[in-house]
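J.: Give me a model of this one.
(one chain, ligands or ions: 2)
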Amino acid sequence: RTTVTVTGGGADNTTIHQNMSKIRVCVRFRPLNSTEKKQFDGKLCVKELDDESFLFNAEREENVAFCFDKVFYQNSKQHDVYEFLAKPMVHDVLDLMNSTIITYGQTGAGKTYTMEGPDISNCEESNKGLIPRVIEELFRSIECSNERNLYTIKLSMVEIYMEKIRDLFDITKDNIQIKESKMHGVFLSGVTEVSIMDKKQALSFLERGISNRTVGATQMNMSSSRSHCLYIFSVQKESRKDKRSKTGKLILVDLAGSEKVEKTGAEGKVFEEAKTINKSLSALGNVINALTTGKSNHIPYRDSKLTRVLQDSLGGFSHCALLCCCSASFINTSESLSTLRFGIRSKFIKMPVNVSQVIDEEKPSHSTSVITDKEMFQRKN
Ligand code: ADP
Ligand code: MG
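T.: Numbering: from 1, shown residues only. Ligands and ions are numbered 1, 2, ... in the order given. Sure, this is the predicted structure:
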């Protein structure tokens, strides 16, 4: 048994219950790659506690315990992530609710693998990413509903690169403007929206969009994407009564790598890219913070294109899930910690302070500072 001290900032002892946060925050650790397997004897910096919590050990530092809505460990399946995160949102969007899933993490952490799979339209069934599964479920559900003729499904794909929005279905549109109207809320003016009739057609559009993404090379990953990529599914349903249509949007966001600039050995253009990426990721963090505190009447959506585009999906009546992607290798502990802390900040209004709890642990060799939900630890006693 190890004494676990909960430490953190904040002026009072308020611990915010998970259910109060409308943003579901989950973590996924990808399997070690061949380089990581060779280093540190392939040891992991993560010790699984249960499917919501783990101990994280950055070498020579004390353990940190984390608790999220769900943790997907190295052997997790694409199917598990889909069932937990995306499937409920497909049904929300069919009910015309706005929903968003965002993958966050350093380059190489598994964001694109989670979203697309190893190949959007050509891979083993079990490796398929969230997007092809979402498409299958969308069409399966409307075919089963006897209301097929009332639904129209449209797809857009854009990337945000250096604070410019590029249409990935029509690369001549390289500076799409964001507009707002009472009728449509926040929208991308003039963006290409293709109607999709079936899965095959949707995948072929996505393939085209993916091949249009801006890809740069950094030391960390030769094919790392330096842009945020947004896959936008609009589900329009006509009312039988008055023939008026309503629309729900499901936006899947594959963010650019969150790594620190120094680590990439970046210079010139790459340095400017990294600065822009960091700025928009901070803006995203600030918006999520402002939303979760519920105190701020000014939500800084306009601080970046990313947050402005996502305005209706993050605020208002919408559901949002953030998946923090990490490597469980000791090579990447500082980036992983920063990713996990981003996730925690998105989850809580205030960090819990000065709470001592006890949890079971085989080797009580480290003192453990915890930034997590007090209740989770009470359950373990
Ligand atoms: P990111 O988009 O975050 O930069 P990728 O999704 O491209 O990272 O993943 C980096 C590499 O790791 C890719 O070769 C990918 O196939 C592999 N990978 C990532 N996550 C997994 C996973 N859960 N299972 C198997 N391989 C994975
Ligand atoms: Mg990627």
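J.: Please identify the buried residues of the biggest helix by length in the chain?
T.: Longest helix in the chain, counting residues (DSSP state H): helix 268-293. Residues of helix 268-293 classed as buried: 270, 273-274, 276-277, 280-281, 283-292 (neighbour count, 16 or more other C-beta atoms under 10 Å). All C-beta atoms are positioned from the backbone trio N, CA, C, and that covers glycine.
J.: tell me what it is packed against?
T.: If you count contacts as 3 or more C-beta pairs under 8 Å, 6 or more residues apart in numbering; DSSP states H and E, helix 268-293 packs onto strand 23-30, helix 305-309, helix 311-314, helix 333-347.
J.: Adding distance to Glu62 and mean pLDDT, write those out as TSV.
T.: As requested, the helices and strands packed on helix 268-293 are exported to TSV (distance: least, C-beta to C-beta, whole Å; pLDDT from 0 to 100):
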stretch	distance to Glu62	mean pLDDT
strand 23-30	19	94
helix 305-309	34	96
helix 311-314	34	86
helix 333-347	12	89
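J.: Serialize these to CSV and add fields for mean neighbour count.
T.: CSV is the format used below for these (neighbours: other C-beta atoms under 10 Å):
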stretch, mean neighbour count
strand 23-30, 23
helix 305-309, 22
helix 311-314, 21
helix 333-347, 20
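J.: Neighbours of the residue in the stretch 151-300 of the chain that ligand 2 sits nearest to, how many?
T.: At 4.7 Å from ligand 2, Ser225 is the closest residue in the stretch 151-300 of the chain, using C-beta to the ion. Taking other C-beta atoms under 10 Å as the criterion, the count of residues near Ser225 is 21.
J.: With Thr152 instead?
T.: 16.
J.: before we move on, what about the one 4 residues further on?
T.: Neighbour count of Ser156, defined by other C-beta under 10 Å: 23.
J.: Quickly find the element holding the residue lying closest to Ser181 once chain neighbours are set aside.
T.: Excluding the flanking residues, the one nearest Ser181 by C-beta to C-beta, 6 or more residues apart in numbering is Phe187, at 7.2 Å. Taking DSSP states H and E as the criterion, Phe187 maps to strand 185-189.
J.: Return the distance of that strand from the chain's centre.
T.: Averaging C-alpha positions (C-alpha atoms, centre = their mean, to the nearest Å) puts strand 185-189 21 Å from its chain's average.
J.: Return the set of buried residues in it.
T.: Buried residues in strand 185-189 (16+ other C-beta under 10 Å): 186-188.
J.: Mind putting those residues into CSV with distance to ligand 2?
T.: Output for the buried residues of strand 185-189, formatted as CSV (distance: C-beta to the ion, whole Å):
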residue, distance to ligand 2
Val186, 25
Phe187, 26
Leu188, 22
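J.: part of a helix, is Glu83?
T.: Yes - using DSSP: H, G, I helix; E, B strand; the rest coil, the assignment for Glu83 is a helix.
J.: What's the separation between it and ligand 1?
T.: Glu83 sits 15 Å away from ligand 1, going by C-beta to the nearest ligand atom, to the nearest Å.
J.: Then Lys279?
T.: From Lys279 to ligand 1 the distance is 19 Å (C-beta to the nearest ligand atom).
J.: what pLDDT does that residue get?
T.: Note on Lys279: pLDDT of 90.
J.: so it touches Ser304, yeah?
T.: Yes - Lys279 is within contact range of Ser304, at 6.6 Å (criterion: C-beta atoms under 8 Å).
J.: What is the nearest of the buried residues of strand 185-189 to Glu163?
T.: Taking C-beta to C-beta as the measure, Glu163 lies nearest Leu188 of these, at 14.3 Å.
J.: correct me, but the closest one touches Ser156?
T.: Yes - using C-beta under 8 Å, Leu188 makes contact with Ser156 at a distance of 6.9 Å.
J.: Give me the common contacts of these two.
T.: Ile232 (C-beta atoms under 8 Å, 6 or more residues apart in numbering).
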